[in-house]
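Student: using only what follows, build the 3D model:
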Amino acid sequence: MNQNYFAQMSKFVLAATSVAIFSPIASAYATLGFSTTVAQISDNSTSQQLLADKKVETRSRTTTIEQQTITTESRNSTVSAKGKKTGFSLAIWEPSGNLSEVIARISVKSKGGKGYLKERFLGDYKYKIKQKAKFAKGLKASDRIVVRLYDVQNRFIGYSEFECLSANTTVNLVLSAKPTEYQVVRTVYGVDADQNGTIDAGTTTYDYFTQVSGQRVSFLSSSQTFQGSQFQVEGLSTIARTSVYPVSFTQGEYALVRQSFLSVFSSDLAEALQATPGSLVQVIEVSDNSSYDISQMLMNYRQVGMSRALQVGFSDVSTDYWAKDFIAELASMEILEGFPDGTFRPDAPVTRAQFAAMLRKAFTKGKIRQAIAFKDVSTQYWAYNAISEVYQMGFLNAVVGKGFNPSQSLSRLDILVALAQGLNYKTSGSTDTILSVYSDATTIRSEYRSLIAALTQRGIVVNYPNANLLNVERVATRSEVSALLYQALSSTGEVANISSQYIVGQQQQVAVEEQTETSTEGVKPRRNCNQGIGNGAEGCDPGNSSPHGGSNDEGGRTPGKK
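Tutor: Model prediction:
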């Protein structure tokens, strides 16, 4: 084992609000003509961004919202790769001075390919008015952040929801003078790439109001009849006549504006999202310049912070099982599931079709090659879409002379090579030196040595039971694939680090952040939709199983098995 290697490896109108403040105007809703300004992308925006927005809009734009004023968001092409790291800073204001502290209950609806994952709890944070805190890691553009606000007597006083932007986002929530009586919140946010606490010049300022009535929340469309002085904060933009929303809030299947059915407290929410602040988890006191790791919070609150509809514990995965955390986190991200009998079957092998379905749910990546009509994968095959998509992403190659061979079990080497090629990871330094950590390094074929070295540098390789034995030819099990896939996600900086003695060189990994950001540009972990292989690793036989989410492709379990 080379010591030099380890030395290197040490580096989210207000007619309703008028009601809230001036009760004689209670009839304003009946006479208002709502108008919404939707921030649109400028004509010279990239086609990729247009395609990204299109993904959000899964219904055609036949329901038109008046767009009397178009606010153009310019794209700053000079923002560095690090500047594009998705996170947000949150400040809470109450200009009248009637409140001094507030509790912000924060949660996330992660964006998947077909919609949004179930809401996950990120903590209760006790803010002093005007105080700011930063939240970083574990987020991606288009994720939605939900903030439920309480006063220090645990009375619910407001709701907001905003969308994570492509760079750091600065968010301001402004409360009314009587928040316990009139549950209205103004949300003002925008890109803050340099993280100085202000919205960058030349970019869109999203500015809108939400009002809670009973258990429903309304995203209001106009402030034309609203006297907004009580929501005006020095340093923030003047309240706009028409609300300015992200496109996805006004158009498509997941629009929030003009929806009357939006519930603040739905029955399938996580336990922590229904509990009184402080009763289930400790309220975190925010201090000046506080910073919180979202990915770590997701893991910390996994047991109480997830929808009760999701299963993360399995009868055959004990509390001390070596891959328990890898499995539980991927299950919580809806990348994989267990079986109807409550098991996970950690020692079962994984086929090429099953792994393709897992990759499709885990990653969003641009296509680097044309699709192939594999002779052994019909358009009716349960994993047809997954196989086609991940092949185009570069993750899995055809089997020479055999088409795709979807039922073939994968070896550990197959899994590692697929990850390295799909993520386009390259090694830096001496391949032989890096691989010297493995006692069986000589068994790695020459054409794959640099790929394995690249994964090793990034802490992706997980070897059980011996961290120094790669065992490349051994058939990969569901637990091993879970660990390797999670570590691949971790290498992109979007999920929390898991501590394990079986992660090769975890304590001595080389600092390769810059290289990773460059080589994986355009690659975003996708905590995915209800399609994909329902179990995350099994195939689907619609006739013999109960597909998750009702999907006819990739929705069930291994063919013929329940």
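Student: ok, the most centrally placed residue in the chain - contacts?
Tutor: Note on the chain: the residue nearest the mean C-alpha position is residue 110, at 3.7 Å, using Cα atoms, centre = their mean. Counting by Cβ atoms under 8 Å, 6 or more residues apart in numbering, residue 110 touches 116-117, 120, 140, 143, 333, 527. C-betas here are computed from N, CA, C, even on glycine.
Student: and it, what's its pLDDT?
Tutor: pLDDT for residue 110: 89.
Student: what's the answer for the one 3 residues further on, then?
Tutor: As predicted, residue 113 sits at a pLDDT of 65.
Student: is it fair to say residue 486 lies in a strand?
Tutor: No: per DSSP: H, G, I helix; E, B strand; the rest coil, residue 486 lies outside any strand segment and is helix.
Student: in the stretch 251-400 of the chain, mark out all the helices, start to finish.
Tutor: Secondary structure of the stretch 251-400 of the chain (DSSP state H, counting those that start in this stretch): helices at 271-274, 294-300, 324-332, 352-362, 384-393.
Student: filter the contacts of residue 110 to the buried ones?
Tutor: 116-117, 120, 140, 143, 333, 527 (16 or more other Cβ atoms under 10 Å).
Student: farthest pair within those residues?
Tutor: 120 and 140 (13.8 Å; Cβ to Cβ).
Student: hang on, the earlier thing: redo the helices of the stretch 251-400 of the chain as CSV? Include mean pLDDT, mean neighbour count and distance to residue 183.
Tutor: Shown next, in CSV, are the helices of the stretch 251-400 of the chain (pLDDT from 0 to 100; neighbours: other Cβ atoms under 10 Å; distance: least, Cβ to Cβ, whole Å):
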stretch, mean pLDDT, mean neighbour count, distance to residue 183
helix 271-274, 94, 20, 17
helix 294-300, 89, 20, 26
helix 324-332, 92, 24, 31
helix 352-362, 93, 28, 37
helix 384-393, 94, 22, 43
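Student: for residue 413, which of the ones you listed is the nearest?
Tutor: helix 352-362 (12.9 Å).
Student: returning to that earlier point: nearest to residue 349 among the buried ones among the contacts of residue 110?
Tutor: residue 333 (22.3 Å).
Student: so that closest one versus residue 135, what's the distance?
Tutor: 18 Å (Cβ to Cβ, to the nearest Å).
Student: before we move on, the earlier item: out of the helices of the stretch 251-400 of the chain, flag the one nearest residue 412.
Tutor: Judging those by Cβ to Cβ, what sits closest to residue 412 is helix 352-362, at 11.8 Å.
Student: relative to helix 384-393, how tilted is the closest one?
Tutor: Helix 352-362 runs at 70 degrees relative to helix 384-393, counting by axes from the mean of the first three to the mean of the last three Cα atoms, to 10 degrees.
Student: which of the contacts of residue 110 fall within strands?
Tutor: residue 120 (DSSP state E).
Student: mind putting the contacts of residue 110 in TSV, distance to residue 470 included?
Tutor: Below are these laid out as TSV (distance: Cβ to Cβ, whole Å):
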residue	distance to residue 470
116	38
117	33
120	34
140	31
143	35
333	27
527	29
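Student: isn't residue 89 right up against residue 133?
Tutor: Yes: the criterion here is Cβ atoms under 8 Å, and residue 89 meets it with residue 133 at 6.9 Å.
Student: listing request: residues of this protein with sub-threshold pLDDT.
Tutor: Where the chain drops to pLDDT under 70, the residues are 1-85, 113-114, 223-228, 506-562.
Student: output the contacting helices and strands for the strand or helix carrying residue 248.
Tutor: Under the criterion of DSSP states H and E, residue 248 resides in helix 247-250. With contacts taken as 3 or more Cβ pairs under 8 Å, 6 or more residues apart in numbering; DSSP states H and E, helix 247-250 sits against strand 36-38, helix 47-56.
Student: right, I'll leave it there.
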